[in-house]
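> Structure of the sequence below:
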Amino acid sequence: MIKIKCKECGQEFVGRKGRKFCSRKCYISDWKKRIPGHNKGEWFESKCLYCGIVFVNGKRGYIKKFCSRKCANCYNIKIGEEHHNWTGKYVCRICGEKTSRPNVLCRKCHDKFAIGENANGYIDGRTSLYLVVRHSKKYREWRRRVFKRDDYTCRNCFKRGGKIEANHIVPFAFLFWKYDIKTLEEAKKCKELWRVSNGKTLCKDCHRQIIRQSLWAVRNPMSYQQVLDTWYMYL
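Below is the predicted model:
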């Protein structure tokens, strides 16, 4: 602990090396001085980095670079040479395309080669097959089609939006048992697993109630198959 002179009020205090202010009050007072227009209650005009629209800045005590969240997302989502941090100093190890980071693959090569057994942190058997399928691109596409068909509305309580999930009517794990799926390729080829009619949109609370039925189907697959056969007879 050493003696330090406060940067704002000039009062001496005892503190750790590197500290600049004696209190939170002095820190906030100094911070407000560094924000243009904040101390006097006046606003100033700024130009949006994405769309170029002039907007009023200085509101809420910080400087904004964009006029809206939409412009900020559009500005930061760009990839390749269109990105604002693009340098092009380095080269992809596989295809030779220019990148901005050293010793890495370009986006196309990464999506093609750095997955599964080719990934740097791959450990065989660490991730269960259920999680591998649920995190696959085909599963995300199936879930998106289910949401779009149901207009992002829970089919149980009819609440639209919020935290929604896609549920398999015939349980996901039961289909794995029925068709004896052992690998990701077998799961992708199973048509029953990706039928949109076998999915429905549920909110988080309603989905918790349905999970109990799915657990019973996993623990008693033979009994559940008999229930399905009886149900199909009346369709």
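> give me the low-pLDDT residue ranges for the chain?
Applying pLDDT under 70 to the chain flags residues 32, 34-43, 58-62, 116, 120, 125, 211-235.
> Next, the contact list for T99, please.
88, 90-92, 105-106 (CB atoms under 8 Å, 6 or more residues apart in numbering). Quick note: C-beta positions are derived from backbone N, CA and C, even for glycine.
> I'd like to know which of these are buried.
Among the contacts of T99, those scoring as buried are 92, 105-106 (criterion: 16 or more other CB atoms under 10 Å).
> Can you add secondary structure and distance to Y130 and give the residues you listed back as a markdown table?
Below are the buried ones among the contacts of T99 laid out as a markdown table (DSSP: H, G, I helix; E, B strand; the rest coil; distance: CB to CB, whole Å):
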| residue | secondary structure | distance to Y130 |
| --- | --- | --- |
| C92 | coil | 33 |
| L105 | coil | 28 |
| C106 | coil | 31 |
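> just these now: which is nearest T183?
Among the buried ones among the contacts of T99, L105 lies closest to T183 (CB to CB), at 25.1 Å.
> who are the neighbours in contact with the nearest residue to that closest one once chain neighbours are set aside?
If the residues on either side of it in the chain are set aside, L105 comes closest to C92, at 5.4 Å by CB to CB, 6 or more residues apart in numbering. Residues near C92 by CB under 8 Å, 6+ apart: 98-99, 104-106, 109.
> now C92: how far from T99?
Look at C92 and T99: by CB to CB, to the nearest Å, they are 6 Å apart.
> that older thread, report the two of the contacts of T99 separated the most.
Among these, the pair separated by the greatest distance (CB to CB) is G88 and L105, at 15.1 Å.
> How about the helix or strand containing K188, which residues are buried there?
Applying DSSP states H and E as the criterion places K188 in helix 184-189. Across helix 184-189, burial judged by 16+ other CB under 10 Å covers 187-188.
> Who are the packing partners of it?
With contacts defined as 3 or more CB pairs under 8 Å, 6 or more residues apart in numbering; DSSP states H and E, the packing partners of helix 184-189 are helix 129-134.
> Figure out how far the helix it packs on is from the centre of its chain.
Using CA atoms, centre = their mean, to the nearest Å, the distance from the centre of helix 129-134 to the centre of the chain it belongs to is 17 Å.
> what about the helices in this structure?
Shown for the chain, the helices assigned by DSSP state H span residues 24-33, 69-76, 107-113, 129-134, 137-149, 172-178, 184-189, 204-219, 221-233.
> K47: which of these is closest?
Nearest to K47, of all these, is helix 69-76, at 11.3 Å by CB to CB.
> Which strands or helices does that closest one pack on?
Contacting helix 69-76 under the criterion 3+ CB pairs under 8 Å, 6+ apart is no other helix or strand.
> burial of the closest residue to Y130 other than its chain neighbours, as a residue count?
Among residues not flanking Y130 along the chain, A173 sits closest, at 7.0 Å (CB to CB, 6+ apart). Neighbour count for A173, taken as other CB atoms under 10 Å: 15.
> and what of the one 10 residues further on?
When neighbours are defined as other CB under 10 Å, T183 has 11 of them.
> How about F113?
Quick note: F113 (other CB under 10 Å) scores 14 neighbours.
> Relative to T201, how far out is it?
Look at F113 and T201: by CB to CB, they are 35 Å apart.
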